[in-house]
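In: coords please:
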Amino acid sequence: MITKLQFLILFFIMVFLFIGCGIKAPVEDLEKVKASISRLDEVEASKFASEDYKEVKNLYTSGETNITEKNSKQNKIAKKFLEDANSKASNTYSKAAPKYADHYIKELDGSVKKAKEIKADVAVKDEFTKADNLLKESQELNKKKKYSKAGKKAKEAKAVAENAYKIAAEKKEKSDKAIKEAQEKLKEIE
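Out: Coordinates of the predicted model:
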């Protein structure tokens with residue numbers, strides 16, 4: 001038979017094993033969700049999938065507030081919130097990223113067309129060609145489903161296209177002014 005002492009020793013061993021096997025704070029899950037949220041921020045998910053983005057943030061906050069060092073039940077709850085947040089973040093990225101890339105590629109395309117309308121392809125050929133090439137690169141990245149890179153490149157390239165437009169518009173204004181002055185001098189001569 002088991003003596004009282006053996007029973008107590010066995011009991012304490014079981015208690016220590018039970019406590020030791022508790023769920024640890026899900027710090028790794030927390031870091032994964034932080035990384036996922038950063039990825040969502042890169043594609044402006046708060047703009048292109050706002051409701052889903054809010055849900056990810058809420059799940060993250062719920063998980064973060066439930067993390068403790070000593071309460072394994074609460075850590076299970078936190079872990080579940082964080083797993084759900086990470087899953088939702090993945091789905092949200094799938095929704096937001098293509099919209100992000102499309103949005104900025106369309107803006108860039110509009111800027112390139114606007115620049116071409118005032119003959120930036122002639123007036124500032126190098127600047128215009130650079131913007132046009134960046135548009136093509138963005139479109140190619142988008143086709144390859146590299147949405148974050150496509151959108152980022154398109155955002156940066158838009159400034160190049162707008163600068164080409166600005167320089168071409170200034171040159172056009174100067175040439176229009178020169179033509180007008182020349183026409184006025186011809187009228188004076190006649």
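
In: so for the biggest helix by length in the chain, what's the average pLDDT?
Out: The single longest helix within the chain, with elements called by DSSP state H, is helix 72-117. Mean pLDDT, computed over helix 72-117, is 94.

In: run the chain-centre distance for the helix or strand following it.
Out: Sequence order places helix 120-123 as the next helix or strand after helix 72-117, per DSSP states H and E. Averaged C-alpha coordinates place helix 120-123 at 33 Å from its chain's average position (CA atoms, centre = their mean, to the nearest Å).

In: could you pull out the buried residues of helix 120-123?
Out: 120-121, 123 (16 or more other CB atoms under 10 Å). Bear in mind the C-beta positions are built from the backbone N, C-alpha and C, glycine included.

In: likewise for stretch 170-185?
Out: By 16+ other CB under 10 Å, the buried positions in stretch 170-185 come out as residue 171.

In: cool, and stretch 157-164?
Out: 157-158, 160-164.

In: what's the closest of the residues you listed to residue 50?
Out: Using CB to CB, residue 158 comes nearest to residue 50 of these, at 22.5 Å.

In: quick check: that closest one touching residue 109?
Out: No. Judged on CB atoms under 8 Å, residue 158 makes no contact with residue 109 at a distance of 9.5 Å.

In: these two touch, right, residue 130 and residue 160?
Out: Yes. Between residue 130 and residue 160 there is a contact under CB under 8 Å: 5.5 Å.

In: please report how far residue 88 lies from residue 51.
Out: Going from residue 88 to residue 51 by CB to CB, to the nearest Å gives 11 Å.

In: name the element residue 56 belongs to?
Out: Using DSSP H and E, residue 56 sits within helix 50-66.

In: so that helix versus helix 72-117, what angle?
Out: Put simply, helix 50-66 runs at 150 degrees to helix 72-117, going by axes from the mean of the first three to the mean of the last three CA atoms, to 10 degrees.
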